[in-house]
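[1] Fold the following.
(one chain, ligands or ions: 1)
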Amino acid sequence: MNTIKNVNFEGERVIIRVDYNVPLDNKNKVTDTTRIEASKETILTVLKKGGSVILLTHIGRPKGVDANFSCSLIVDEVSRILKQKVLFCSSTIGEKAELMTKSLRSGEVVLMENIRFHPEETKGEITFAKQLSRLGTVYINDAFGTAHRAHSSTTIIAQFFKNKYLGKLLEKEVNSIDKIVNKGKKPILAILGGAKVSSKITIIESLLDSVNDILIGGGMAYTFIQAQGGSIGDSICEPDFCEYALKLIEKAKEKEVQIHLPSDVIIADSFSNSANTKTCSISNIPLGWQGLDFGPESIERIKPLIQKSKTILWNGPLGVFEFNNFSKGTIALGELIAEATSKGAFSLVGGGDSVAAVKKFGFANKMSYVSTGGGAMLESLEGKKLPGIEALN
Ligand code: AMP
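    Alright, predicted model coming up:
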């Protein structure tokens, strides 16, 4: 891996592709600064080693220039987190942008305007990538959230640089996935929750080659239960995937991977926090009721599984954690993984909603690593090569 560990940036203008796709509230205040914090180490390393920094990022999915997605809205927050003045350039490419970046002195940082104001970015256009490359002399990719996309600023740009590196964040992300897929201490447990089987199919299949146990929770479990003949009432289900679920159970048996499903769940008479609830066997849910959370017996049953696992991957909540009344399973799981981690297990949490859940319930600092990339993490776990990382080789 081309890391920045032994690189001298003296006199270099270093383009760092960061992922500042952060949420803003209606007063344009950044509501979650995790991604900005995560970029700090790379930026400060480059500055300390004598370089100047040119930050490239996208925010949201603007269709052309749109003030609501301007990087000017986040520049003060970036300055506050880096504890140093960050300049803002209202262009991304062209004469003004090149002039501003060329005049940077060692130790200075500039944040360029949203690269997605240019539709060429997501098309991965080479001329746009070349224009971007003129801003600096060295290229670093530290945007894990978009490393699975062959966009101009994440991938195509790299060909114009002799000196191109993985940032510290990207390095950490790659290493933690490696700790699950290639170097995981056994027994390895993958916990997959969330709403849909269809969105996790390829990942379950590829995990069969590297893990010992798979715990399926959340809305995904009901498709597996229905496939096996259980009654799931009005619970979320994807009937088109029942056959696939059965095949997967067979495949898991062949590969000696244990699949664990909940035995009981909390059912509700409507999809609402104030619904009436009961605890029920997952295979006998009456019509008019739907399963919205892991049940108490299921939680008891997964305790020894989590306690024995040396490596734990967690993607997707065990219930509708956004509703307080259906968050118990997800909280209990978070507590169990935190405890296992404190006793030496390696735990990796990733994928939008599980990250939101660990943050909401205060577990983020108790996991070994919380990934900043949803799609990129899933694709890496599936064994796919990420274009943003390949381009650096
Ligand atoms: P995903 O993006 O696939 O990880 O799905 C996350 C979403 O799944 C969260 O918003 C949860 O509320 C939802 N979810 C988890 N369990 C259930 C369930 N039993 N029924 C419906 N939705 C669920």
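[2] how far is the helix or strand where Lys359 lies from where the chain is centred?
    Using DSSP states H and E, Lys359 sits within helix 352-360. Put simply, helix 352-360 sits 10 Å off its chain's centre (Cα atoms, centre = their mean, to the nearest Å).
[3] Could I get the average pLDDT for the helix or strand just after it?
    Elements were assigned by DSSP H and E; along the chain past helix 352-360, the next helix or strand is strand 369-370. Within the predicted structure, the mean pLDDT of strand 369-370 is 94.
[4] Could you export the helix or strand where Tyr139 lies as PDB, CA atoms only?
    Assignment of secondary structure by DSSP H and E places Tyr139 within strand 138-141. Only the C-alpha atoms of strand 138-141 are listed here, as PDB (Å, rounded to 0.1, in the frame of the first residue of the first chain):
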ATOM      1  CA  VAL A 138       0.800  15.200  -5.200                       C
ATOM      2  CA  TYR A 139      -2.500  13.300  -4.800                       C
ATOM      3  CA  ILE A 140      -3.900  11.600  -1.700                       C
ATOM      4  CA  ASN A 141      -7.200   9.800  -1.600                       C
END
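[5] Excluding its own residues, what touches it? List them.
    4, 9, 12-17, 42, 46, 51, 133, 147, 154, 157-158, 160-161, 163-167, 170, 388-389, 391-392 (Cβ atoms under 8 Å, 6 or more residues apart in numbering). C-betas here are computed from N, CA, C, even on glycine.
[6] ok, now which ones touch Ala376?
    Contact partners of Ala376, counting by Cβ under 8 Å, 6+ apart, are 144-148, 173, 386, 388.
[7] Quick check: residues of the stretch 251-393 of the chain near the ligand?
    Among all residues of the stretch 251-393 of the chain, those adjacent to the ligand (criterion: Cβ under 6 Å from any ligand atom) are 291-292, 316-317, 319-320, 322, 351-353.
[8] Look at Val110 and give its secondary structure.
    Under DSSP: H, G, I helix; E, B strand; the rest coil, the three-state class of Val110 is strand.
[9] Could you check which helix or strand contains the residue nearest to it when sequence neighbours are not counted?
    For Val110, the nearest residue in space outside its immediate sequence neighbours is Leu87; the separation is 4.3 Å by Cβ to Cβ, 6 or more residues apart in numbering. Using DSSP H and E, Leu87 sits in strand 86-89.
[10] do Thr341 as well
    In this structure, Thr341 is located in helix 328-342 according to DSSP H and E.
[11] can you list the residues that contact that helix?
    For helix 328-342, the surrounding residues in contact (Cβ under 8 Å, 6+ apart) are 191, 193, 217, 266, 293-295, 298-299, 302-303, 306-307, 309, 312, 314, 317-319, 321, 345, 347, 349, 357-358, 361, 363, 366-368.
[12] try 7 Å this time
    With Cβ atoms under 7 Å, 6 or more residues apart in numbering as the contact definition, helix 328-342 has outside contacts at 191, 217, 293-294, 299, 303, 306-307, 309, 312, 314, 317-319, 321, 347, 357-358, 361, 363, 366-368.
[13] what does stretch 56-65 give?
    Counting by Cβ under 7 Å, 6+ apart, stretch 56-65 makes contact with 15, 17-22, 69, 71, 112, 114-117, 132, 153, all of which sit outside it.
[14] 8 Å instead?
    15-22, 24, 68-71, 73-74, 92, 111-112, 114-117, 119, 121, 132, 135, 143, 146, 153.
[15] Buried residues, that stretch. List them.
    Taking 16 or more other Cβ atoms under 10 Å as the neighbour-count basis, stretch 56-65 is seen to contain the buried residues 56-59, 62.
[16] taking those one by one, which sit in strands?
    Leu56 (DSSP state E).
[17] What strand or helix carries Val265?
    Assigned by DSSP H and E, Val265 falls within strand 264-268.
[18] Who are the packing partners of that strand?
    The helices and strands touching strand 264-268, judged by 3 or more Cβ pairs under 8 Å, 6 or more residues apart in numbering; DSSP states H and E, are strand 277-281, strand 290-294, helix 296-308.
[19] quick one: which of those is nearest Asp209?
    Taking Cβ to Cβ as the criterion, Asp209 comes closest to helix 296-308 out of the helices and strands packed on strand 264-268, the separation being 19.7 Å.
[20] Following the chain onward from that closest one, which element is next?
    Sequence order places strand 311-315 as the next helix or strand after helix 296-308, per DSSP H and E.
[21] next one: that following strand to chain centre, how far?
    13 Å.
[22] Residues contacting that strand, please?
    Applying Cβ under 8 Å, 6+ apart, the set of residues contacting strand 311-315 from outside is 179-180, 184-194, 200, 203, 207, 211, 306, 333, 337, 340-341, 345-351, 354, 367, 377-378, 381.
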